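Trainee: 3D model of this:
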Amino acid sequence: MRFSILLFIFFSLVCTVVQAQNNDTIKTQNLSEVEISANTKPSVSRSTNLLQVITNDDLLQQGVQSVSDAVKRFNGVVLKDYGGIGGLKTVSIRGMGAEYTAVSYDGVLVSNIQSGQVDIGRFALDNVSMISLDIGQSDDIFQTARAFSSAGVLNMETVVPDFSNKRYAGYAKVTGGSFGLFNPVIDYKYKLSKTFAMTANGSWQRADGNYPFSADYDKMIPDRKRKNSDVDIYRTELNLFSDFGKSGQLRTKIYYFDSERGLPGSVVIGEDYATERLWDKNFFAQMSYRKDFGQKIKLKTQAKYDHNNTRYEEVHEKYDGGRLTNRYKEQEVYLSNALLFQLNDKINFSAAEDLSYNNLDKEADRFGNNLANPKRYNSHTALAFKYKSDRLTITSSLLATYISERVKNNSGNSTYKKLSPSTGISYQPVESVNLRVRASFKHVYRVPTFTELYYPSVEKKLKAESAKQFNVGLTWVGGFGGNSENYVNASIDGYYNKVDDKIVITPKTFLATTSNVGNVDIKGVNLRLAANSQINKSMGLNLVVTYNYMQAQDVTSKSEETYKNQLPYTPEHSGTVTLSFNNPWVNFSYTMIAASDRYSKLTNYRDNEVKGYTDHSISLFRKLRLKDSELIIQGNVLNLWNENYDVIAYYPMPRRSFSFSVLYKF
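Mentor: Coordinates of the predicted model:
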């Protein structure tokens, strides 16, 4: 830890010295005007790993209503959805668990040190320009050290304002729909000066969420509705963009999220009682500073403070006083420095050092026990290399993880440390054919979460999980019809993941237990086909098809009945189809999402089987050009065929629903 702090200080001193050498020019230079451009879309076909991207144009065209809806269209992903607008939604990459998936917002990771699982349902699409998913290690080596520590990263990028025509821009949007959905949004962008620009975005979302569903297994209550599934959510976000010319660029974000949600829980035969409530208040402020020292050295510095308050309540006669209340407070302070050295136009090196501090406080539980109030001091150090030419890309990195944990009574103090390498290659064998071969390896080290170590009141000694990711694939891009907008992009990837010391939580009466009992082998294939055909200047068709085969099995012990059983909620077969038709009248999009049968428990008995499903949706939208503004009208039908299905057992998804939105841009 001392070495990490010294390394972090060294980075800062290097930047200060180089800055001092440029002081004379900085004092006399004229500050440039704010020049902000859209985020660059990364190349999917040239990546050494499976990379998938959805832009804001795609989101509009496909009628995507939430971040979770967008993620469902990615290949190799299992989205755990507990139903409804307010239900928890987490992302698992290739069967490795949601704890292995990092979520990044404008390059800074969103953390949940308590459970390790980020609920992507809390984020809205209103201010998002692009969503991408890197499975394995990203080819972008100029990033934070923590971004090297996960099995994959879900990236969300904020819309960057464009002031090419006027000093301000914005929009107002209202969405209404089934089950009491009402969601107004307002967004405003303003150019403050030649150096500064700001954006502000705010929204309110509420819904009753009491949708009907069928429970054929429950003859006592044949016609049911989800109860206690209402949501009341406020989101606000403020961004400040600063361009100081040769002195660098600074981006600052302030975010606040406030929600009250009912938790309907799982469906219980013969019982319709649900009183659990959850309140979340999350505030974070982050900044990112970037500066180029000539053409050889680039600096990126990031800092973040994150504060999260959670309150859980359940009203029931089984508790003393008839009510159970738990309160949690989570805080994080995070600092990062990264340097990129460009040896020439093909070879780059990078070094990054991240330091963070986390603590979790909880009130006494109903047994009178106090949480250990753990604190973590984290250090991640990454060194990376990249070679890139027209036909060959090679990346390699080494991550050093050091974590020191302290608890209230000192009995559970722990230290975790590990070196984790990764490497990737993409090669075009024939110059005249846009066919590329890619292969990659990555080691991931996952430290137990506070929930796994301290929930509900017993401290445990657990080993960290260790995972190895292997991927081999082909990508091909081709054109047809003599039009550059007509293309076919196809890829196939075979992968193998091996997880050792898998942490398993076993529910018991009152006290759950956790232990390192599992080894898991995950094998699979990802297929993706994207095609675009421009019929004429104003009409075009776009098709995206994905298919995922995944065999994720417990291989801990041949003597156990769970040996070679499929992991819970991991379908062997899944896929999506999205077809869009752009035209001068009403743009149309159709989406189908499918998953095969799964199991709710590690024992693959028939009683634990969760039936497969297909979910069909359509979207219609029309843009109307006004004098100095634009009007977008959109309608969506979700679960078109009114199918009754569960993603998680006994958490039924909404049946057919409708939404309608009007957006006015000025």
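Trainee: Surely G121 is in a helix?
Mentor: Yes - assessed with DSSP: H, G, I helix; E, B strand; the rest coil, G121 lies in a helix.
Trainee: Locate N344 within the secondary structure: which element?
Mentor: Here N344 is covered by no helix or strand, with elements defined by DSSP states H and E.
Trainee: just V577 next, same as before
Mentor: Taking DSSP H and E as the definition, V577 sits inside strand 573-582.
Trainee: Partner strands of that strand, with direction?
Mentor: strand 539-554 (antiparallel), strand 587-595 (antiparallel) (DSSP bridges).
Trainee: Adding distance to F666, mean neighbour count and mean pLDDT, write these out as JSON lines.
Mentor: From N, CA and C alone the C-beta is placed, and that goes for glycine too. Formatted as JSON lines, these follow (distance: least, C-beta to C-beta, whole Å; neighbours: other C-beta atoms under 10 Å; pLDDT from 0 to 100):
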{"stretch": "strand 539-554", "distance to F666": "28", "mean neighbour count": "19", "mean pLDDT": "94"}
{"stretch": "strand 587-595", "distance to F666": "22", "mean neighbour count": "19", "mean pLDDT": "95"}
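Trainee: so which of those comes closest to M96?
Mentor: Among these, strand 539-554 comes nearest to M96, with 8.4 Å by C-beta to C-beta.
Trainee: Can you show me the CA trace of that closest one as PDB?
Mentor: The C-alpha trace of strand 539-554 is given here as PDB (Å, rounded to 0.1, in the frame of the first residue of the first chain):
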ATOM      1  CA  MET A 539     -35.200   4.200 -47.300                       C
ATOM      2  CA  GLY A 540     -33.100   1.500 -45.700                       C
ATOM      3  CA  LEU A 541     -33.100  -1.800 -43.900                       C
ATOM      4  CA  ASN A 542     -30.900  -2.900 -40.900                       C
ATOM      5  CA  LEU A 543     -30.700  -6.400 -39.500                       C
ATOM      6  CA  VAL A 544     -28.800  -7.600 -36.400                       C
ATOM      7  CA  VAL A 545     -28.900 -11.300 -35.300                       C
ATOM      8  CA  THR A 546     -27.100 -12.700 -32.400                       C
ATOM      9  CA  TYR A 547     -26.900 -16.300 -31.000                       C
ATOM     10  CA  ASN A 548     -25.200 -17.500 -27.800                       C
ATOM     11  CA  TYR A 549     -24.500 -21.100 -26.800                       C
ATOM     12  CA  MET A 550     -23.200 -21.500 -23.300                       C
ATOM     13  CA  GLN A 551     -22.400 -24.500 -21.200                       C
ATOM     14  CA  ALA A 552     -21.700 -23.400 -17.600                       C
ATOM     15  CA  GLN A 553     -21.100 -26.300 -15.300                       C
ATOM     16  CA  ASP A 554     -20.100 -27.000 -11.700                       C
END
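Trainee: Point out the other helices and strands that whichever helix or strand D232 is part of packs with.
Mentor: Assigned by DSSP H and E, D232 belongs to strand 231-243. Counting contacts by 3 or more C-beta pairs under 8 Å, 6 or more residues apart in numbering; DSSP states H and E, strand 231-243 packs against strand 196-207, strand 249-263.
Trainee: Reformat those into JSON lines and put mean pLDDT next to each item.
Mentor: Shown next, in JSON lines, are these (pLDDT from 0 to 100):
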{"stretch": "strand 196-207", "mean pLDDT": "95"}
{"stretch": "strand 249-263", "mean pLDDT": "94"}
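Trainee: Please name whichever of those strands is nearest to S149.
Mentor: Of the helices and strands packed on strand 231-243, nearest to S149 by C-beta to C-beta is strand 249-263, at 21.9 Å.
Trainee: Next secondary structure element downstream of the closest one?
Mentor: strand 276-293.
Trainee: Adjacent strands (with direction) for that next one?
Mentor: Assessed with DSSP bridges, strand 276-293 is paired to strand 249-263 (antiparallel), strand 297-315 (antiparallel).
Trainee: out of these, nearest to V44?
Mentor: Nearest to V44, of all the strands paired with strand 276-293, is strand 297-315, at 23.8 Å by C-beta to C-beta.
Trainee: tell me which residues in the closest one are buried?
Mentor: By neighbour count on 16 or more other C-beta atoms under 10 Å, the buried set for strand 297-315 is 298-304, 306, 308-311, 314.
Trainee: How far does the strand holding V577 sit from its chain's centre?
Mentor: Relative to its parent chain, strand 573-582 has a centroid offset of 21 Å by C-alpha atoms, centre = their mean, to the nearest Å.
Trainee: what sits up against it?
Mentor: The contact list for strand 573-582 (C-beta atoms under 8 Å, 6 or more residues apart in numbering) reads 61-62, 72-73, 75, 78, 538-550, 587-596.
Trainee: run the last query once more with 7 Å
Mentor: Contacts with strand 573-582, where a contact means C-beta atoms under 7 Å, 6 or more residues apart in numbering, come from 61-62, 72-73, 539-549, 587-596.
Trainee: The strand holding D232: partners in the sheet, and parallel or antiparallel?
Mentor: Sheet pairing here is set by DSSP bridges, and for strand 231-243 it gives strand 196-207 (antiparallel), strand 249-263 (antiparallel).
Trainee: Throw those strands into JSON lines and include distance to L335, thanks.
Mentor: As requested, those are arranged in JSON lines below (distance: least, C-beta to C-beta, whole Å):
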{"stretch": "strand 196-207", "distance to L335": "24"}
{"stretch": "strand 249-263", "distance to L335": "15"}
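Trainee: and V430, which of the ones you listed is closest to it?
Mentor: strand 249-263 (40.2 Å).
Trainee: buried ones in the closest one?
Mentor: Of the residues in strand 249-263, 249-253, 255, 257-263 count as buried by neighbour count, 16+ other C-beta under 10 Å.
Trainee: could you redo those residues as TSV and give each row distance to N642?
Mentor: Shown next, in TSV, are the buried residues of strand 249-263 (distance: C-beta to C-beta, whole Å):
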residue	distance to N642
Q249	50
L250	50
R251	45
T252	46
K253	40
Y255	37
F257	32
D258	34
S259	29
E260	29
R261	25
G262	24
L263	25
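Trainee: Going by distance to D554, which of those wins?
Mentor: Comparing those against D554 with C-beta to C-beta picks out L263 as the nearest, at 29.5 Å.
Trainee: Report the beta-bridge partners for I254.
Mentor: Here I254, judged by DSSP bridges, has bridge partners L238, A285.
Trainee: in the protein, what secondary structure element scores lowest on mean pLDDT?
Mentor: Ranking every helix and strand in the chain by mean pLDDT, DSSP states H and E puts helix 23-28 at the bottom, with a mean of 38.
Trainee: After that one, which helix or strand is next?
Mentor: Assigned by DSSP H and E, the successor of helix 23-28 is strand 50-55.
Trainee: Alpha carbons of the helix or strand hosting I522, as CSV, please.
Mentor: Using DSSP H and E, I522 sits in strand 513-536. C-alpha atoms of strand 513-536 as CSV (Å, rounded to 0.1, in the frame of the first residue of the first chain):
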residue,chain,number,x,y,z
THR,A,513,-23.6,-19.3,5.1
THR,A,514,-20.9,-18.6,2.5
SER,A,515,-18.0,-20.8,1.5
ASN,A,516,-15.4,-21.5,-1.2
VAL,A,517,-16.8,-24.7,-2.5
GLY,A,518,-17.1,-24.3,-6.3
ASN,A,519,-15.0,-24.7,-9.4
VAL,A,520,-16.8,-23.8,-12.7
ASP,A,521,-16.1,-24.5,-16.3
ILE,A,522,-17.8,-22.3,-18.9
LYS,A,523,-17.7,-23.1,-22.6
GLY,A,524,-19.6,-21.4,-25.4
VAL,A,525,-19.9,-19.8,-28.8
ASN,A,526,-21.1,-16.3,-29.8
LEU,A,527,-22.4,-15.6,-33.3
ARG,A,528,-23.3,-12.1,-34.6
LEU,A,529,-24.5,-10.9,-38.0
ALA,A,530,-25.2,-7.3,-38.8
ALA,A,531,-26.3,-6.2,-42.3
ASN,A,532,-27.5,-2.8,-43.7
SER,A,533,-29.1,-2.2,-47.1
GLN,A,534,-29.8,1.2,-48.4
ILE,A,535,-32.7,0.9,-50.8
ASN,A,536,-32.6,4.5,-51.9
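Trainee: Noted, bye for now.
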